[in-house]
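> predicted model follows, preceded by the sequence.
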Amino acid sequence: MHRKIKVWVGLLGTLLALGLFSALLVPLAPGMSGKARLTAQANETGLRSAFRHWIADHESAGGDRNVQFALGWSKGLSRELTEAQGLARLDLVEGSAQVTIDGLKPGDWDVWMVENRPGGSALPEAGDRMQRLGRVTAGTGTARLAARLELGFFSRFHVDQMVVTRAGQRPENAGVLFGSPDLFQRLYTKGRTRPINLQTGHTPVLASLFGPAAANAATPFDLIDPLVAQGADLFFNETFGGNGRTCGTCHPSDNNFTIDPRYIATLPSNDPLFVAETDPNLSQNFENPQLMRAVGLVLENVDGFDDLQHKFVLRGVPHTLALLNSRGRQVGSPNPPAERLGWSGDGAPGAGTIRDFAVGAITQHFTRTLNRVPGTDFRVPTNDELDALAAFQLSLGRQADVDLPNMVFRSPIVNRGKAIFINDDPTTGAAGRCQRCHFNAGANIIPLAPNTIGTENANFNIGVELLPDHPADLIAPGARPKDGGFGRGPNPNGGFGNGRFNTPVLVEAADTGPFFHNNAADTIEEAVAFYNSDAFKNAFGNSLPGGTIHLENTQVEAVAALLRVLNALENIRSSSAMDQAVYDVKDKDDQVGPVLELAAHDTSDAIRVLSERSLHPEAVAKLKEAYAKELEAKDEASRPRRNDLIVEILALKAGARSDMLVSP
């Protein structure tokens, strides 16, 4: 386990040192060396591109005159349970603020702004700078606050967090609602407050976003690499003073950033994943070791820690690939959460951003005791650490969705699967209607207007909780409570929430099972077949225009074949990028070998997802040969010989891709 962690951190270290981190993020350009390709496309990575688009959208909406903080309850940190939520809008130029809050219990409440001290945690603490913005009185409607501060106030006070407390209480000991900016807002603000780099001529927003100012930066985005590399180190190595777990404990790099029963069975008994079996302080109400090992489920107190024995759910571990494409909140849906994260779409506390997700995960999974006291049972990250963790996670995997309608496959079965996947009209033949909620095999709903890109992730109740004979219920009857999904209100059918769950990406699905929030399906074929079930029909299917979904077994196999091939193509893209990144690189600190080892993991995944259904045996043969050469190149001391092997590997993978895909 630790060796694999070092592989990934070593990979990032190597790519950072060589200026090659972008090799993981951009498409391959045939016929170009890693260095040449990087020179041509260094600024075109998805994370940087997404940030550029965010800046344009933000500035068109007012920029520093319209900085928003979603306000929400935070499990383990809020001092009382509430379903209240709000939104604060700051005008950093004029020095004013507008706050609206719904759902507060009647009474008086104070709204605070907090600037965390350098090096301190991202929570309000003694020693932080705090400014009370004003007081609101909550009744039956929306509580509103308008405040004006002196001109230039926000040039002297940098808001890291908004906190709502009972009147007369302070944020460090009585916070009820919390809100903090997302990663892009923090980077934008950080860039705006740094002086312009006169040598490069870049604006401060773009010149110093992702690390210390560099006088000779080649591009506005070069400094993203230190932030991502720091995030990787934290993700895999930092325990935050807790029980020994890291983020990589449940999201290991050598298993596609998720865990499943097969992978769990390979871990040693002293792995931090099993602290509930080895630490008496966590032996009750922290995990269900039996169901973790048998079904891959982990315990989550998504609705609060006030009743640990009864108030919990058991969920699979979602992978962290392609988050950049799947976190967008559906227009008109509640805010918070500001970003769709976790199986229920409200997996992050407070404002509901990916930065907040880390605070929630540490509070839930890293604690030394069930008291979960910050500073005693774990260390809350600093704001800079939360930025780094968010940047690393958003950089993982694909940085853009595929263009599925224009993809032409070699296999008639896969092309048929594509047609069924896209078809939304059952009167024209088999209609899987998958594209409606998984636009371009991603996680977003189909665009509502022509020529727009699907960026909104939606929640649905598709009836997975209604399935009979869940494996966990057969193994440990009564141990798995109803999971109510999004929200914290009591659900009439059991649990807490409105019964809706988040839509996951599909390109990476075939090698990241089991499937659904409760690991109810073991194979991608079972997951596709679920939409024929009575559980789906009774919960959602009858509301579909034109009737419910019905696919024959052969059609289920065709759709699943499409998803397997898409998965294998992504494996080839990812592993080829890593192979190419170390071409003609001097092996410093013995890191080139680990890069190739990690690439081989992806190649192996492609072999497996195709072989399990005997898809494209000619491509599988090429991939097996490429895999063997990757293992050979990993241990090859001669750089010329290793370069020759990499050229052969890339050619084999290009051939395998061509065996599966005609265009694009």
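Received, thanks. Note that the structure is predicted; figures quoted are calculated from it, not measured.
> going forward, measure contacts between C-alpha atoms and count neighbours the same way
OK.
> what is the burial count for residue 402?
Residue neighbour count, defined by other C-alpha atoms under 10 Å, stands at 17 for residue 402.
> roughly how far apart are residue 532 and residue 115?
Counting by C-alpha to C-alpha, to the nearest Å, the gap between residue 532 and residue 115 amounts to 53 Å.
> likewise residue 491?
38 Å.
> how about the strands of the stretch 151-300 of the chain, start to end?
Secondary structure of the stretch 151-300 of the chain by DSSP state E, counting those that start in this stretch: the strands cover 161-166, 175-179, 298-300.
> any chance of those strands in a markdown table, plus mean neighbour count and distance to residue 416?
What follows is the strands of the stretch 151-300 of the chain, written out as a markdown table (neighbours: other C-alpha atoms under 10 Å; distance: least, C-alpha to C-alpha, whole Å):
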| stretch | mean neighbour count | distance to residue 416 |
| --- | --- | --- |
| strand 161-166 | 25 | 51 |
| strand 175-179 | 28 | 47 |
| strand 298-300 | 21 | 37 |
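> turn those strands into a markdown table, columns for mean pLDDT.
Compiled in a markdown table, the strands of the stretch 151-300 of the chain are given as follows (pLDDT from 0 to 100):
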| stretch | mean pLDDT |
| --- | --- |
| strand 161-166 | 97 |
| strand 175-179 | 97 |
| strand 298-300 | 98 |
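> so which of the ones you listed gets nearest residue 103?
Distance to residue 103, taken as C-alpha to C-alpha, is lowest for strand 175-179 among the strands of the stretch 151-300 of the chain, at 11.2 Å.
> what's next to the closest one, contact-wise?
For strand 175-179, the surrounding residues in contact (C-alpha atoms under 8 Å, 6 or more residues apart in numbering) are 69-74, 77-82, 84-85, 161-166, 350-351.
> cutoff 6 Å now
Residues from elsewhere that reach strand 175-179, judged by C-alpha atoms under 6 Å, 6 or more residues apart in numbering: 69-73, 78-79, 161-165, 350-351.
> how about stretch 462-481?
Outside stretch 462-481, the residues that touch it by C-alpha under 6 Å, 6+ apart are 535-536, 539-540.
> burial of residue 50, as a residue count?
For residue 50, the number of neighbouring residues by other C-alpha under 10 Å comes to 17.
> so who does residue 433 touch?
By C-alpha under 6 Å, 6+ apart, residue 433 lies in contact with 421, 423-424.
> could you list the domains of this protein?
Segmentation of the chain into domains, based on automatic domain parsing, reads 2-42+556-663, 63-181, 224-394, 404-552.
> so for residue 189, which of the ones you listed sits nearest?
Short answer: domain 63-181, nearest of the domains of the chain by C-alpha to C-alpha, at 8.1 Å.
> ok so, going back, closest to residue 508 out of the contacts of strand 175-179?
Checking the contacts of strand 175-179 against residue 508 by C-alpha to C-alpha gives residue 351 as the nearest, at 27.5 Å.
> surely residue 503 and residue 443 touch.
Yes - here residue 503 reaches residue 443: they are 5.3 Å apart, a contact under C-alpha atoms under 6 Å.
> of those two, which one has the most company?
Neighbours per residue (other C-alpha under 10 Å) separate residue 503 from residue 443, with residue 443 holding more: 29 against 26.
> in contact with the more buried one, which residues?
Counting by C-alpha under 6 Å, 6+ apart, residue 443 touches 326, 503-505.
> in helices, which of those residues appear?
Taking DSSP state H as the definition of helices, the contacts of residue 443 contribute residue 326.
> report the two of the contacts of residue 443 separated the most.
Among the contacts of residue 443, the pair separated by the greatest distance (C-alpha to C-alpha) is 326 and 503, at 8.4 Å.
> how many residues are close by residue 618?
Here the number of neighbours of residue 618 (other C-alpha under 10 Å) works out to 12.
> so what touches the helix or strand containing it?
Under DSSP states H and E, the secondary-structure element containing residue 618 is helix 617-634. Surrounding helix 617-634, the residues in contact under the criterion C-alpha under 6 Å, 6+ apart are 593, 596, 600, 607, 642, 649, 652, 656, 659.
> what about the first one, neighbour count?
Residues near residue 593, counting by other C-alpha under 10 Å, number 23.
> do the last one as well
Residue 659 is flanked by 18 other residues according to other C-alpha under 10 Å.
> now the phi/psi pair for it, please.
Here is the backbone geometry of residue 659 (degrees, to the nearest 10): phi -70, psi -20.
> residue ranges with poor pLDDT in the stretch 301-450 of the chain?
448-450 (pLDDT under 70).
> show me where it has its strands.
Per DSSP E, counting those that start in this stretch, the stretch 301-450 of the chain has strands spanning 313-315, 408-409. These are given in chain order.
> looking at those strands, which is buried most?
When you average the neighbours per residue for each of the strands of the stretch 301-450 of the chain (mean count of other C-alpha atoms under 10 Å), strand 313-315 leads with a mean of 23.
> on that earlier part again, could you dump the strands of the stretch 301-450 of the chain into JSON lines with distance to residue 558 added?
Written out in JSON lines, the entries for the strands of the stretch 301-450 of the chain read as follows (distance: least, C-alpha to C-alpha, whole Å):
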{"stretch": "strand 313-315", "distance to residue 558": "28"}
{"stretch": "strand 408-409", "distance to residue 558": "12"}
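> closest to residue 331 out of those strands?
Proximity to residue 331 (C-alpha to C-alpha) singles out strand 313-315 among these, at 26.6 Å.
> just checking, what packs against the closest one?
When contacts are defined as 3 or more C-alpha pairs under 6 Å, 6 or more residues apart in numbering; DSSP states H and E, strand 313-315 packs onto strand 298-300.
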